[in-house]
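S.K.: sequence and predicted structure, then a few things I'm wondering about:
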Amino acid sequence: MATRGRKASAAPHRTPMQWEIWQVNQVASRAATSPPTPPDPDKNERPFIVISPNAYNRGGLEVVCLPISGKQYVQMFEVELTPELVSGLTKVCYVKCFKPVTMDVQFLKQYRGTLADDVKINEIKDTLKEFLEL
């Protein structure tokens, strides 16, 4: 699991919560890793869904999240989300359960919505467990 570093100043105006979707500035977050992560060929910004528990998130420094993409790559480890499930999405997207990342909250740029569908939440949990062989 990659870890993305912290700078002292910027952070969202509130604590990100589990199952919220946030727009992430990938250029800044990838540059802050040590060593820097190569740029994403698709986007400078991407939505991520926060999966870490709220007790952890309240620490205020970082969250564990999964990237969301409009492209499907590894179908068995992805979960489909539709705009009907999350108001902040504009098209069908896929949660990449095979790419968990620890992200400094300063890179969470804009709140996009919250996944409140228990069936999809459980599907993400089950897919993540399957990927990690837990």
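M.R.: Okay, I see it. Predicted model, so just to flag it, every value in this text is computed and none were measured. Residues are numbered from 1 along each chain as shown.
S.K.: so what's the gap between the helix ranked longest in the chain and the chain middle?
M.R.: Ranked by residue count under DSSP state H, the longest helix found in the chain is helix 118-132. Centroid displacement of helix 118-132 relative to its chain, using CA atoms, centre = their mean, to the nearest Å, is 14 Å.
S.K.: pLDDT averaged over it - what is it?
M.R.: Averaging pLDDT along helix 118-132 yields 97.
S.K.: next, the buried residues of stretch 117-126.
M.R.: 120-121, 123-124 (16 or more other CB atoms under 10 Å). Yep, even glycine has a C-beta here, placed from its N, CA and C like the rest.
S.K.: hang on, I meant stretch 66-85
M.R.: 66-69, 77-79, 81, 85.
S.K.: farthest pair in the residues you listed?
M.R.: For those, the maximum inter-member distance is 18.9 Å, found between F77 and L85 (CB to CB).
S.K.: low-confidence ranges in the chain?
M.R.: 1-12, 26-43 (pLDDT under 70).
S.K.: ranges for the helices of the chain?
M.R.: Under DSSP H, the chain gives helices at 26-31, 54-57, 118-132.
S.K.: please produce JSON lines containing those helices, extended by distance to E45.
M.R.: Shown next, in JSON lines, are the helices of the chain (distance: least, CB to CB, whole Å):
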{"stretch": "helix 26-31", "distance to E45": "6"}
{"stretch": "helix 54-57", "distance to E45": "21"}
{"stretch": "helix 118-132", "distance to E45": "21"}
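S.K.: ok, so of the buried residues of stretch 117-126, who is nearest E62?
M.R.: For the buried residues of stretch 117-126, the nearest to E62 is I124 (19.4 Å; CB to CB).
S.K.: would you mind measuring from the most centrally placed residue in the chain to F98?
M.R.: By CA atoms, centre = their mean, the mean C-alpha position of the chain lies nearest to F48, the distance being 2.5 Å. The spacing between F48 and F98, counted by CB to CB, to the nearest Å, is 14 Å.
S.K.: can you check D126 too?
M.R.: 13 Å.
S.K.: G60 too?
M.R.: 27 Å.
S.K.: which of those two has more neighbours?
M.R.: The neighbour comparison of G60 against F98 (other CB atoms under 10 Å) goes to F98, with 17 against 11.
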